[in-house]
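Participant: model this:
(chains A and B)
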Protein chains: 2
Amino acid sequence: MSHSACKPVSSSVVGQRLEAVADIRAIHEHVLANSFDLLQTDHTLSGIDMALWDLLGKKEGTPVWALSGQKENHPKLPYASLLFGDDPAATHSAVRRLVADGYRAIKLGWGPFGRHGVAADVEQIVAAREALGPDNHMMVDAGTIFGEDVESAAARMDALANARVHWFEEPFVGGAFRAYHRLAADNRVAIAGGEGCHSPHQAEHMIDHAGVRFIQIDTGRLGGITPALRVARYAEKKGVVYVNHTFTTHLALAASLVPFVGMKDHEICEYPVEQKPLARDLCQTRILRDGSGRIRLPDAPGLGVQPDPAVLKQYLVDTEIKVGGKVLYRTPQI
Amino acid sequence: MSHSACKPVSSSVVGQRLEAVADIRAIHEHVLANSFDLLQTDHTLSGIDMALWDLLGKKEGTPVWALSGQKENHPKLPYASLLFGDDPAATHSAVRRLVADGYRAIKLGWGPFGRHGVAADVEQIVAAREALGPDNHMMVDAGTIFGEDVESAAARMDALANARVHWFEEPFVGGAFRAYHRLAADNRVAIAGGEGCHSPHQAEHMIDHAGVRFIQIDTGRLGGITPALRVARYAEKKGVVYVNHTFTTHLALAASLVPFVGMKDHEICEYPVEQKPLARDLCQTRILRDGSGRIRLPDAPGLGVQPDPAVLKQYLVDTEIKVGGKVLYRTPQI
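Facilitator: Numbers count the residues shown, from 1 in each chain, chains lettered A, B, ... in the order given. Sure, this is the predicted structure:
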């Protein structure tokens, strides 16, 4: 250990009491005081936090959303994320397939977007809106392609406004608040961002200083459900819409919905559509769309989604970390 | 690897070209694009960046400060950091010793500060100023003791103003910009912070939104000399004073002085006074005060400070990381 703020996260977790929500908050304070100089702490703590909420909910026989103090489990409208096709025709047919599958909100991004000039992007945007029809929600994700270059991002704003996009996501790298703020001055298109935040402060700074109208929080990066609840309340107070960022399992989806399930007007949520086999098979419970195309958190104790240890076992990789002849970590048996 | 932004840092460094400063910047872009979702990347890259500048400087026969485009190697006034004593008398005599040793700037912090009420802190502050004499610089470091509690920090401002402290450091946790900004509205005392920043954006946000008049950058956390140079230029443009944050070796000291050695008016620097044996013995070269109590970067190629492999060897710990039967890391031979 080089100094006092570099203790392993486990030393602040193992052996602590877990009988109430206040105990989870106490564990957070303990971890952050003892390990803030290990950057990876926020990500490690994210997984621990979700497990603590799940455990406590199961112990109490209460869903985590209720345990967190929220009054209702409002349904959310899931959007499907899609890569832009290689050309507008490919984008058009991919969007049509998702609309036929019942999605009422679709986000397009990455792929060729921002790489082949303004005219090419305009054609893609027009094709996507045409395939979606006039009433479904359309979002565009630039995937930080413009770095900190406001002019290049601004050159797409006419087309985005004409297509009535619900939001324009991550035009710039996450920390480029001055660029976000300048682009947001064009009020026709709402700007979204925040998935990279790994503390509630960072998310609050983005709300305060980047001009975003949607704040996208990854519960698996921010430090877990505990700080995400704080950001959701802050967003509500500031008139910014909270959205989850989730692209893996339905267990991660459940944990990412908890922080804003009580906020009825924050209706849209990200939903993993094209899952990899690991993400798809890991959960015994799945959160599926109802007849109106919406999803709801399960009303079961804890997070309400069970992982399948037999599936997890298939993906285990034998790992061993040895320091000074002593084994500090070895892949556990399942 | 779970997804594309999780590649090991080494894969973006090993095998790259290193013939000019532009190559270092290219390696940064490469690492950040491929590894931004591993939080530890910024710290790992910090050490790599310093080594790259040192290597390039040695290859060119040029000091790193000149290689970075700065015109002069201005001397800096080093301050000694000291814990507040258990009582005002202990603080008084500890400060007297450092003044007798020739220090013209002293920072006091931590220990009992903020823990035993306002009156106790006022007595400590008065004792320190009395021991320092009227002309030496006095700084106070609250070590984030007040969390986000503005009122408690504000209750110390009269005493800090009366003692004419040069800055009041880290009254709050690093991300509490709203608290910093409110306290900074009391213009009598300059606020300092920033040592925890691990990207140039975070430091720029602190300059823009926290009201600090001193920005303290740890080159070993921010990502190295390359982003620190960017922050130093930004601070200068915004009328904020740049200060290094350094508490380990003279090699780290050299790397932390490089970014602002050309900025004459940014005169004060942190200087490791009570080094641990590892930090003290590791460097064959030491950066010592001259007759006026100032220090200067060595005018030697690279960083100008040589580590001693024989000392390093004493502190090596055998470490091995094995994944799927393959050794990914083993402590190297020296």
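Participant: number of residues surrounding the closest residue to A:Arg330 other than its chain neighbours?
Facilitator: Leaving out its chain neighbours, the residue that sits closest to A:Arg330 by C-beta to C-beta, 6 or more residues apart in numbering or on different chains is A:Glu320, at 5.0 Å. Bear in mind the C-beta positions are built from the backbone N, C-alpha and C, glycine included. The tally of other residues near A:Glu320 (other C-beta atoms under 10 Å in any protein chain shown) stands at 15.
Participant: next to chain B, which bits of the stretch 51-200 of chain A? Give me the list.
Facilitator: A:Val173, A:Gly174, A:Gly175, A:Ala176, A:Phe177, A:Arg178, A:Gly196, A:His198, A:Ser199, A:Pro200 (C-beta under 8 Å from any C-beta of the partner chain).
Participant: can you give me the pLDDT of the fifth one?
Facilitator: This means A:Phe177. pLDDT for A:Phe177: 97.
Participant: my read: the residue nearest to A:Arg330 touches B:Thr319, true?
Facilitator: No - A:Glu320 is beyond contact range of B:Thr319, at 11.3 Å (criterion: C-beta atoms under 8 Å).
Participant: if I look at A:Leu32, how far off is A:Ala228?
Facilitator: Plainly put, A:Leu32 is 15 Å away from A:Ala228 if you go by C-beta to C-beta, to the nearest Å.
Participant: for these two, indicate the residue with more neighbours.
Facilitator: A:Ala228 (30 against 19).
Participant: before we move on, which element is that one in?
Facilitator: helix A:225-238 (DSSP states H and E).
Participant: same question for A:Leu278.
Facilitator: Assigned by DSSP H and E, A:Leu278 belongs to helix A:277-281.
Participant: which residues are contacting that helix?
Facilitator: A:Thr248, A:Thr249, A:Pro272, A:Asp308, A:Val311, A:Tyr315 (C-beta atoms under 8 Å, 6 or more residues apart in numbering or on different chains).
Participant: can you name the next helix or strand after it?
Facilitator: helix A:309-315.
Participant: now the contacts of helix A:277-281: which count as buried?
Facilitator: Among the contacts of helix A:277-281, those buried by neighbour count (16 or more other C-beta atoms under 10 Å in any protein chain shown) are A:Thr248, A:Thr249, A:Pro272.
Participant: which of the residues you listed sits closest to chain B?
Facilitator: Distance to chain B, by C-beta to the nearest C-beta, is smallest for A:Thr248 among these, at 8.1 Å.
Participant: ok, that closest one touching A:Val273?
Facilitator: No - taking contacts as C-beta under 8 Å, A:Thr248 lies outside contact range of A:Val273: 11.9 Å.
Participant: name the nearest residue to whatever residue of the stretch 201-334 of chain A ends up closest to chain B, sequence neighbours excluded.
Facilitator: The stretch 201-334 of chain A approaches chain B most closely through A:His201 (2.7 Å), counting by C-beta to the nearest C-beta. Excluding its sequence neighbours, the residue lying closest to A:His201 (C-beta to C-beta, 6+ apart) is B:Gly175, at 2.7 Å.
Participant: show me what contacts the one you found?
Facilitator: Shown in contact with B:Gly175 (C-beta under 8 Å, 6+ apart): A:Ser199, A:Pro200, A:His201, A:Gln202, A:Glu204, A:His205.
Participant: look up phi and psi at the fifth one.
Facilitator: Main-chain dihedrals, A:Glu204, degrees, to the nearest 10: phi -70, psi -40.
Participant: excluding chain neighbours, give the residue nearest to it in space.
Facilitator: In space, and not counting its chain neighbours, A:Glu204 is closest to A:Tyr234: 5.5 Å by C-beta to C-beta, 6+ apart.
Participant: could you measure from that neighbour over to A:Pro134?
Facilitator: 34 Å.
Participant: which SSE is A:Lys59 in?
Facilitator: helix A:41-60.
Participant: give the other helices and strands that that helix contacts.
Facilitator: Judged by 3 or more C-beta pairs under 8 Å, 6 or more residues apart in numbering or on different chains; DSSP states H and E, the packing partners of helix A:41-60 are helix A:21-35, helix A:64-67, helix A:219-222, helix A:225-238, helix A:250-257.
Participant: pull it out as CSV, backbone CA atoms only.
Facilitator: Taking Å, rounded to 0.1, in the frame of the first residue of the first chain, the C-alpha atoms of helix A:41-60 are listed here in CSV:
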residue,chain,number,x,y,z
THR,A,41,-12.9,1.7,-7.0
ASP,A,42,-16.0,3.3,-8.5
HIS,A,43,-16.5,0.4,-10.9
THR,A,44,-15.8,-2.2,-8.3
LEU,A,45,-18.1,-0.5,-5.9
SER,A,46,-20.9,-0.4,-8.5
GLY,A,47,-21.2,-4.2,-8.6
ILE,A,48,-20.9,-4.5,-4.8
ASP,A,49,-23.6,-1.9,-4.3
MET,A,50,-26.1,-3.7,-6.6
ALA,A,51,-25.4,-6.9,-4.7
LEU,A,52,-26.0,-5.2,-1.3
TRP,A,53,-29.4,-3.8,-2.4
ASP,A,54,-30.4,-7.2,-3.8
LEU,A,55,-29.4,-9.0,-0.7
LEU,A,56,-31.1,-6.5,1.6
GLY,A,57,-34.3,-6.6,-0.5
LYS,A,58,-34.4,-10.4,-0.4
LYS,A,59,-33.8,-10.4,3.3
GLU,A,60,-36.7,-7.9,3.8
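Participant: what angle do that helix and helix A:225-238 make?
Facilitator: 100 degrees (axes from the mean of the first three to the mean of the last three C-alpha atoms, to 10 degrees).
Participant: pull out the buried positions in helix A:41-60.
Facilitator: A:41-46, A:48-50, A:52-54, A:56-58, A:60.
Participant: which SS class is the residue nearest to A:His201?
Facilitator: coil (DSSP: H, G, I helix; E, B strand; the rest coil).
Participant: got phi/psi on it?
Facilitator: Backbone phi and psi, for B:Gly175 under degrees, to the nearest 10, turn out to be phi -90, psi 0.
Participant: cool, the one 10 residues further on as well?
Facilitator: When read as degrees, to the nearest 10, the backbone of B:Ala185 gives phi -60, psi -20.
Participant: so what's the nearest residue to it once chain neighbours are set aside up against?
Facilitator: For B:Ala185, ignoring the flanking residues on the chain, the nearest one in space by C-beta to C-beta, 6+ apart is B:Gly211 at 7.2 Å. If you count contacts by C-beta under 8 Å, 6+ apart, B:Gly211 has them with B:Tyr180, B:His181, B:Leu183, B:Ala184, B:Ala185, B:Ile191.
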